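Peer 1: Here you go, sequence then predicted model.
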Amino acid sequence: MKRSSKSTICLVVAVAALLPYVLLPGQEVIYDGQLAITANEAVQSGSLTGLWAVDFWGESTRADHSTRSWRPLVSLGWALQSRLHGPSAAAYHVMDMVLHACASALVVLLLSAWGIDRRWLLPAGLLFALHPVQTDSVASLVGRADVMAGICLFGALVLQARASRRERPWMLRAGALGLLAAALMCKEYAVVFPFILIATDLVRRAAGTTTDCDRRGQVRTWLCGLTLLAIYLFTRVLLFGDLGGAPATAGFHPLADEPWPARWATSLALVPLALRLAIAPVALNHHYRFGTLSIPEGLLDPRALWGFLLIAILVAAAAWLWQKRHETPPALALLLFLLPLAPSLHAVSVTGVLFAERFLYIPVAGLVVVVAWALQKWAVSAAARKGALAALAFVIVLFGGMTFARVGDWASMERLARSSLASYPNGSDVWKQLGLALVLDARHGEAVTALARAVEINPRDAQAWMVYAEALKGTRRYDEAIEALEKVVELAPAEPGVILREAGQLKLLAGRAEQAVAPLARAHELMPADARSLYYLVQAYLSSGEPEAAVTALLDGERAVQTDPESLRPLLGQAMLRTAQQRLDDGRNDEALSWTRQATQTTDLPPPGLFLGGMIATKAGDPELASRLFGVALSRDPELLRTKHDNAVRLVEAGTFDEAIALLEEVLAVEPEHAPSLFNLGRALLLSGRPAEAIGPLERGLRRMEDERARSLLEQARAEAG
């Protein structure tokens, strides 16, 4: 084939790969992309060298909750982009589109290297580029790991195939090894890539397409590839302490408590699903876990047996064509399809999801190889070729339209979740994701319905219960929200401070302040620098009549106070004044004055706080302190007395007499002869059924100012008092 012809085909396929994703740059970062990129401090602001010591989500490799997914080259790419253009979703999406276009062009080169005729390269390349199942890898952002791994594998296989036709093949083989090393730092299932390289060489050897010199070079490449794999595995042990994936809980993964036979049976049962999605990409789903796929009970389960039989049929057919007909593409295609799936489908350890369509990014290339080979083999006549090309054109256009539509589903988390629920209505994780999206959109009533369905399907999902509690809180169903959070605490492997904090806040909102103290105190103990935990704890102490405990908590919680002094420091003065008021009510005037002085000296009280301190000082018998505090309060807020008087009038009109009386007494403590306040105090006392007490302020007010309505109220008070 002429170089220009092949280059043109690669260019056309690459451009076509971009077309269904043309609207993707206008979409936001959603779902796992937020955790891996925009909310990942290691990516957004950490050092570039530090990316080698964190997992894919930015957690330390030694953290107990690390996922043990290590993909530093992918994270490095995001980090470089974030430093160039900030957290721009469009830039991330465009880069993923370009990477997918490169991978599609490499598939064309791989087909050519494996003997596919030029006439079938373009339709086969388009089939890979426009396949709807690839949207999970291209549109999700986290799927960049799969696309980059695919680029590395396809490139390595092309270089290895070309090396046998060059006089100095060592440079190409070195390039293939470099790509294998890069792949290992892009995606965990790349551990099988050296074996794919070895297996493809063995297939080509059996076909008689290699020389003795080629075979010696291949062996050296194999040994180097296996050495790279050993170094990678050793590095994982150093970073994570072992080779396995993250330990899963029964509430997080349906295979967590299952024995190995059930896991292997699940691996076998998932192969038919993978093949079905590759051939007929309908009923797509971004998240397969609880409620989407049932778990086989063991290796004798019919679903596992069907998966085993399917694999056996495919292997037998590829082996027969290889040995009897000397046809290598089916065997090579099967390697591309099965081997990348093996570590992803729980054959080695439990992965984060039961199944993901991005696992099929490379296997789809295997399907394309088979399709191109079959057309080349049997569409020999002109009529057959025309018919095959027409059928391919129809499928390619159909796939392009399906991909365009599927990209639209990734426009928002709500839309993505609803599209999945249309095909998998029992997916508890997707109901949870929908509920979370609705909570973030402040649609709490709808969120409650979605999250109730999530916990109904999977009652062991602590995260779903947590979001459910938030939704219930948004609808002011506090008692139910508290029960949901108690379920979270029951399911959590340890006491999570955030959960305890939320439980305490809910009890506060429900008016159960005394019950809120214990969880909030424990939350503050677990998270001593968390300002919200301390804030809610202080509020719980104040609401339950323990202001001195609030003072102690604030004085001891300096770490939390430093994180949010604007919210917490004013609370200290408030708590001290509440303690002073409590001492005053108990008749311990000296202690009340001491607490009042401490409050004014320790914190910068606002005018209402200073005024309250003045009231306490007045009642405790220190007019000098009271006068000073009143003076400072009024100098800072000259309208303070007017505001109190006007509020009191509104309270009288509303029939809230006790609060109105308290406010008017505060005004009169500063201006004892203020006639309007005296009149309104007398009126409030009279209306509240205390006519004898109303006489005094009404008489004092009338001595200051004649008022016909006030005199009428005085006569009424005297009559009612007898």
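Peer 2: Received it, and whenever you're ready, just let me know what you need. Numbers count the residues shown, from 1 in each chain.
Peer 1: Against which helices or strands is the helix-or-strand element of the chain with minimal mean pLDDT packed?
Peer 2: Lowest on mean pLDDT, DSSP states H and E among the helices and strands of the chain sits helix 497-509, with a mean of 82. Helix 497-509 is packed against helix 462-474, helix 478-491, helix 513-526, helix 531-543, with contacts defined by 3 or more Cβ pairs under 8 Å, 6 or more residues apart in numbering; DSSP states H and E. Every residue, glycine included, has its C-beta placed from N, CA and C.
Peer 1: Next, the angle helix 478-491 makes with it.
Peer 2: Interaxial angle of helix 497-509 relative to helix 478-491 (axes from the mean of the first three to the mean of the last three Cα atoms, to 10 degrees): 160 degrees.
Peer 1: residues making contact with stretch 365-373?
Peer 2: Contact partners of stretch 365-373, identified using Cβ atoms under 8 Å, 6 or more residues apart in numbering, comprise 107, 110-111, 114, 116, 120-121, 123-125, 127-128, 150, 154, 278-279, 327, 329-330, 332-338.
Peer 1: Name the residues of it that are buried.
Peer 2: Buried residues in stretch 365-373, counted by 16 or more other Cβ atoms under 10 Å: A365, G366, L367, V368, V369, V370, V371, A372, W373.
Peer 1: if we can go back for a sec, give me the buried entries from the contacts of stretch 365-373.
Peer 2: Here, 16+ other Cβ under 10 Å leaves 107, 110-111, 114, 116, 120-121, 123-125, 127-128, 150, 154, 278, 327, 329-330, 332-338 buried among the contacts of stretch 365-373.
Peer 1: Which of the residues you listed fall in helices?
Peer 2: 107, 110-111, 120-121, 123-125, 127-128, 150, 154, 278, 329-330, 332-338 (DSSP state H).
Peer 1: Now do the helices in the stretch 551-700 of the chain.
Peer 2: For the stretch 551-700 of the chain, the helices defined by DSSP state H, counting those that start in this stretch occupy 558-563, 565-585, 589-602, 607-620, 623-636, 640-654, 657-670, 675-687, 691-704.
Peer 1: which residues sit in contact with the residue nearest to L472 when sequence neighbours are not counted?
Peer 2: In space, and not counting its chain neighbours, L472 is closest to A481: 3.8 Å by Cβ to Cβ, 6 or more residues apart in numbering. Shown in contact with A481 (Cβ under 8 Å, 6+ apart): A469, E470, L472, K473, L506.
Peer 1: now do V364
Peer 2: V364 makes contact with F128, H131, V133, Q134, A278 under the criterion Cβ under 8 Å, 6+ apart.
Peer 1: Tell me the helix or strand right after the one helix or strand A390 maps to.
Peer 2: If you go by DSSP states H and E, A390 is part of helix 382-409. Downstream of helix 382-409, the next assigned helix or strand under DSSP H and E is helix 413-423.
Peer 1: Now do that following helix, average pLDDT.
Peer 2: The predicted model assigns helix 413-423 a mean pLDDT of 95.
Peer 1: Could you measure from the residue nearest to L472 over to V467?
Peer 2: Going from A481 to V467 by Cβ to Cβ, to the nearest Å gives 11 Å.
Peer 1: before we move on, back to that, now the helices and strands packed on helix 497-509 in CSV, with distance to V13 and mean pLDDT?
Peer 2: Listed next are the helices and strands packed on helix 497-509 as CSV, based on distance: least, Cβ to Cβ, whole Å; pLDDT from 0 to 100:
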stretch, distance to V13, mean pLDDT
helix 462-474, 41, 91
helix 478-491, 49, 88
helix 513-526, 55, 88
helix 531-543, 53, 88
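Peer 1: Out of those helices, the one nearest R358 is which?
Peer 2: Evaluated with Cβ to Cβ, the helices and strands packed on helix 497-509 place helix 462-474 nearest to R358, the distance being 21.9 Å.
Peer 1: list the helices and strands the closest one packs on?
Peer 2: On a contact count with 3+ Cβ pairs under 8 Å, 6+ apart, helix 462-474 meets helix 428-440, helix 444-457, helix 478-491, helix 497-509.
Peer 1: For H253, find the nearest of those helices.
Peer 2: Closest to H253 of the helices and strands packed on helix 462-474 is helix 428-440 (Cβ to Cβ; 10.2 Å).
Peer 1: Now do the buried residues in that closest one.
Peer 2: S428, D429, V430, W431, K432, Q433, L434, G435, L436, A437, L438, V439.
Peer 1: Contact partners for the residue nearest to the fourth one when sequence neighbours are not counted?
Peer 2: For W431, the nearest residue in space outside its immediate sequence neighbours is A454; the separation is 3.8 Å by Cβ to Cβ, 6+ apart. With contacts defined as Cβ under 8 Å, 6+ apart, the neighbours of A454 are S428, D429, W431, K432, G435, D461, A464, Y468.
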